[in-house]
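>>> Provided below are the primary sequence and the corresponding predicted coordinates.
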Amino acid sequence: MEYAWYYDLVLLYVVYSFLGWVGETVVAAARGRGFVKRGFAAGPFCYVYGMAAVIMAVGFDDLRDNLLYLFLGCTVVATVVEWVAAKTLERLHHRTWWDYSGHRFNIDGYVCLPYSLLWGALGCISVLWGNQLLGSAFHLMPVWLFKTLAWVLGILAVLDQLGSAALLRRRPTRLEGLNRALEQQSRTLYDRIALRIERRIEGAYPHAAQRPAKVEPGASIGDVVWLFTIGSLVGDIVETLFCRARMGVWMSRSSLVWGPFSIVWGAALVMASLLLPRKKDGSARTSSELFVLGTFMGGAYEYVCSALGELVFGVIFWDYSKIPFNLGGRINLLYCFFWGFAAVAWVKLCYPYVYRGIVWLRGHTGRWLTVLVGLFMVVNMAVSGLALIRSDARAEGVPAANALDVLLDERFPDERMARIYPNAKKPA
């Protein structure tokens, strides 16, 4: 099934978020807890379901003919998305939103095998039949209504998530104390909304109300900027040296048009730094735990990056089809193991020293250097994305339609793009 970059995927995201909310609400009612509105957002949505469904739609459509790989892929992606969502929510709000500690084969209580298998089966249903059914329903609408609905629902979903996160971020973690305090104060609109969300959470997620999660040291936006930049630079250097040792040639491995930066590595190291080092109880993870998490999460992450790059930019940035035990040429078993070893090396050996260096650097330079580096990376990514999109359009024979297209054609012709992205190729 072919997806428009924005409209179809946004509507799939919203619909599956709503269906996930309905499913969880029905299950909670069936278990005797009465009618409770699941999800931490104000609207009737569980956005974790929408995110997982969109990733599966983008990444696994080419696995429709192989049910085993499709099921395994959906299971792994759903597990990773749920684990990352639980860990991220806990880091942001210092609460345990759900707890599978009583189930067998669980990881930190965030995910467990029975539910992962269920999500894998539901993911297969969505990829095999659900996405096409919903896509056909979407396109029964007039084009103007279809696009308007996608924009409106997409913006509302973003505002719903950001607003709810901001409200919860500023509230105490003990819901009972919040409720008493709000009862004694004048009811401003802000407090009314916050109280409504908190009471929903208290009914839907008892663990969030009764047992706040252990607070872990947080990372500022400045820390994330430096981790992303350093990770992008180190990743590019590692890949360049690997290609030199393996193939005997110096080859650009950069994701960006300016400088040796691999944003796939940058984002991966940010997530590894913030999510992997410690377990729920605050204890450090063992090397074996880091290896297993890195292998599965790294493989899922690389697969999604490959599929997303093909969807957005119309090119395949890497192809592992000639390497044994590959999945659609997007990932292979050997490199998944490499992600596991990289997770161990980064968390155990590199990250503590890198973070100390970041603290020292920020302490001696103030905010100006961090802001400058952050702006450079944002502009670099934006220009790189535009250059790749325009390069794909040129390959399709689309002439320059405006001054920006002309400028991109002049600054980033095919010869330069081929030097920056030597492995990029059009899908067959």
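That came through, no problem. Worth saying up front: this structure is predicted, and the values here are computed from it rather than measured. Numbers count the residues shown, from 1 in each chain.
>>> flag the shaky bits of the stretch 201-350 of the chain, pLDDT-wise.
201-219 (pLDDT under 70).
>>> helices of that one, start to end?
206-210, 221-247, 263-275, 287-313, 333-345 (DSSP state H, counting those that start in this stretch).
>>> any idea how far Leu269 is from the residue most central in space within the chain?
Using Cα atoms, centre = their mean, the residue of the chain that lies closest to the mean C-alpha position is Val81, 7.4 Å off. From Val81 over to Leu269 the distance is 19 Å, taken as Cβ to Cβ, to the nearest Å. No exception for glycine: its C-beta is placed from N, CA and C like everyone else's.
>>> which parts of the helix or strand hosting Val359 are buried?
Following DSSP states H and E, one finds Val359 within helix 351-365. For helix 351-365, the neighbour count (16 or more other Cβ atoms under 10 Å) marks 351, 354-355, 358, 362 as buried.
>>> closest to Gly235 out of those residues?
Of all the buried residues of helix 351-365, Gly235 sits closest to Val354, with 12.9 Å by Cβ to Cβ.
>>> tell me which residues touch the residue nearest to the closest one when sequence neighbours are not counted, please.
Distances taken as Cβ to Cβ, 6 or more residues apart in numbering place Ile230 nearest to Val354, at 6.2 Å, with adjacent residues excluded. The contact partners of Ile230, taken as Cβ atoms under 8 Å, 6 or more residues apart in numbering, are 266, 269, 354, 358.
>>> is it true that the first one touches Phe228?
Translated: Gly266. Yes. Contact criterion Cβ atoms under 8 Å: Gly266 and Phe228 qualify, at 4.3 Å.
>>> so for those two, which sits in the more crowded spot?
Applying other Cβ atoms under 10 Å to Gly266 and Phe228 shows that Gly266 carries more neighbours, namely 25 against 22.
>>> measure the more buried one to Asp236 for me?
For Gly266, the distance to Asp236 - Cβ to Cβ - is 9 Å.
>>> now Leu311
Applying Cβ to Cβ, the value for Leu311 to Asp236 is 23 Å.
>>> neighbour count winner among the two?
Remark: of Leu311 and Asp236, Asp236 carries more neighbours, 23 against 16, as counted by other Cβ under 10 Å.
>>> now do the same contact list for the more buried one.
253-255, 260-262, 265.
>>> for Leu19, same thing?
Tyr49.
>>> output the contacting helices and strands for the top helix by length along the chain.
Longest helix in the chain, counting residues (DSSP state H): helix 367-395. Helices and strands touching helix 367-395, by 3 or more Cβ pairs under 8 Å, 6 or more residues apart in numbering; DSSP states H and E, are helix 221-247, helix 287-313, helix 351-365, helix 403-411, helix 414-420.
>>> which other residues reach the third one?
Same thing as helix 351-365. For helix 351-365, using Cβ under 8 Å, 6+ apart, the contacting residues are 222-223, 226-227, 230, 272-273, 277, 369-370.
>>> name the nearest residue to Trp258, ignoring sequence neighbours.
Asn380 (5.0 Å).
>>> that neighbour and Pro260 touch, don't they?
No. If you go by Cβ under 8 Å, Asn380 and Pro260 don't touch, sitting 11.3 Å apart.
>>> common neighbours of the two, please.
What both Asn380 and Pro260 touch, as defined by Cβ under 8 Å, 6+ apart, is an empty set.
>>> how is this protein divided into domains?
7-210, 221-420 (automatic domain parsing).
>>> which stretch among those domains comes nearest Lys426?
Nearest of those (Cβ to Cβ): domain 221-420, 6.1 Å.
>>> let me see the backbone angles for the closest residue to Cys243 other than its chain neighbours.
Spatially, and ignoring its direct neighbours in sequence, Cys243 is nearest to Met251 (4.7 Å; Cβ to Cβ, 6+ apart). Met251 adopts backbone torsions of phi -140, psi 140, taken as degrees, to the nearest 10.
>>> Met251 is in contact with Ile420, isn't it?
No. Look at Met251 against Ile420 with Cβ under 8 Å: they stay out of range, at 10.6 Å.
>>> return the most buried member of the helices and strands packed on helix 367-395.
The highest mean neighbour count among these, using mean count of other Cβ atoms under 10 Å, belongs to helix 287-313: a mean of 20.
>>> got the angle for that one vs helix 263-275?
Relative orientation of helix 287-313 versus helix 263-275 (axes from the mean of the first three to the mean of the last three Cα atoms, to 10 degrees): 140 degrees.
>>> which helices and strands sit right next to helix 287-313?
Here helix 287-313 touches helix 47-59, helix 67-93, helix 263-275, strand 331-332, helix 333-345, helix 367-395, going by 3+ Cβ pairs under 8 Å, 6+ apart.
>>> out of these, indicate the one that is most buried.
helix 47-59 (a mean of 24).
>>> what's that one in contact with?
Contacts of helix 47-59 (Cβ under 8 Å, 6+ apart): 1, 3, 9, 12-17, 19-21, 23, 39, 41, 73-74, 77-78, 81-82, 85, 119, 123, 126-127, 131, 157, 161, 303-304, 306-308, 311, 330.
>>> tell me who's in contact with Pro260.
Neighbouring residues of Pro260 by Cβ under 8 Å, 6+ apart: 233, 236-237, 240, 252-254.
>>> so for stretch 410-425, mean pLDDT?
In this model, stretch 410-425 has an average pLDDT of 89.
>>> tell me the pLDDT of the nearest residue to Tyr7 once chain neighbours are set aside.
In space, and not counting its chain neighbours, Tyr7 is closest to Ala150: 4.2 Å by Cβ to Cβ, 6+ apart. Ala150 is assigned a predicted lDDT (pLDDT) of 90.
>>> contact partners for Ala150?
Residues counted as contacts of Ala150 (Cβ under 8 Å, 6+ apart) are 6-8, 10-11.
>>> which of the residues you listed are buried? Put it as a PyMOL command.
Buried subset of those, written as a PyMOL selection, criterion 16+ other Cβ under 10 Å:
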select buried, resi 7+8+10+11
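>>> now do the residue nearest to the centre of the chain against Thr88, distance only.
The value you get for Val81 to Thr88, if Cβ to Cβ is used, is 10 Å.
>>> please apply the same query to Gly248.
According to Cβ to Cβ, Gly248 stands 42 Å off from Thr88.
>>> same thing with Pro114?
Going from Pro114 to Thr88 by Cβ to Cβ gives 23 Å.
>>> what does Val371 give?
Applying Cβ to Cβ to Val371 and Thr88 gives a distance of 25 Å.
>>> next one: Asp236
26 Å.
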